[in-house]
Each structure stands twice: as C-alpha cells, then as structure tokens.
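1. Could you look at this predicted model? Sequence included:
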Amino acid sequence: MSIDMIQIVGFGLISAFLAMILKEQKPAFAFLLTLFVGAMIFLFLLDYIVMAFQLVETLANHAHINMVYLQTMLKIIGIAYIAEFGAQIARDADQGAIAQKIELAGKVLIVVMAIPIFNVLIETVISLIPG
C-alpha cells in the first residue's frame, strides 16, 4: 500500500509540474490534464474504496447493525467525497463560486440523508428517559 501511495504522489507531482508548464502556454490543456489526473487517481483508488466498503459491511454484519443505517452512512461519505472532488475541479478551473455551490449542494444532501438517522437517535434517547 505504501508503494501505491508513492506512485500516486509521484504521478501527481509530475502532473502538477506539467500542468504548471502548460498553464503558461495553453491554460485549457493544463485544466484538461488536471481533470484527467484527478480521474486517473480516483480510478486507481477504486479497488481500495471497494475494499473499505466491503470491510465496513462485514464489520456491520458481525455487530448486527441494521444495513439501512450503514448504507445511509456510506452514501453520506460518498456524497462528501464527490462534492469535494467536484469543488476542487471547479477551483482548478478558477470557478470558486461554482465550487462553493457544489459544496453547499453536498452539505444539503448530507443533511437530508442524515435525517432518518437523527430521527432514530432521538427516538432512542427519548425511550431511555424515564417518565
């Protein structure tokens, strides 16, 4: 795994250097290179992401956690990462305002998806209070 991280960092640094050079001559190509590198790193990490989700699912099964809550949590994590990735791409394109809107959309979706979990949590706390 550490070798993979070294490869990712090396690939990223070389790409960043190339993007800096390209940005002076062809800014559009520099942005496309940045977009391509981001997608390649994501694809490289996809196996690890799947492995992590499978591990969490296995742990949840052993702990007898309701899978609906686990799936909701994983979706929330996915939304956070996707929103961050999209916002970073927008910032790379010098579109800070759009990046902020992407982040806002991600936050709103996370809150909406978390409402059922909050509801169960509140019901559990209320059921524990004597009275």
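-> That came through fine. Residues are numbered from 1 along each chain as shown.

2. For the strand or helix carrying A83, give the mean pLDDT please.
-> Under the criterion DSSP states H and E, the helix or strand holding A83 is helix 67-92. Averaging pLDDT along helix 67-92 yields 91.

3. Which stretches in the protein count as strands?
-> Secondary structure of the chain (DSSP state E): no strands present.

4. most centrally placed residue in it?
-> Nearest to the centroid of the C-alpha atoms of the chain, with distances taken as C-alpha atoms, centre = their mean, sits Y81, at 1.2 Å.

5. Helices of the chain, residue ranges please.
-> In the chain, the helices defined using DSSP state H lie at 2-25, 27-62, 67-92, 96-128.

6. count of neighbours near A16?
-> A16 sits with 13 neighbouring residues when counted by other C-beta atoms under 10 Å. Placement of C-beta: from N, CA and C, glycine included.

7. no, scratch that, I was asking about A19
-> Under the criterion other C-beta under 10 Å, the count of neighbours that A19 has is 18.

8. Name the nearest residue to it, ignoring sequence neighbours.
-> The shortest distance from A19 to any residue that is not its chain neighbour, by C-beta to C-beta, 6 or more residues apart in numbering, is 4.6 Å, and that residue is A30.
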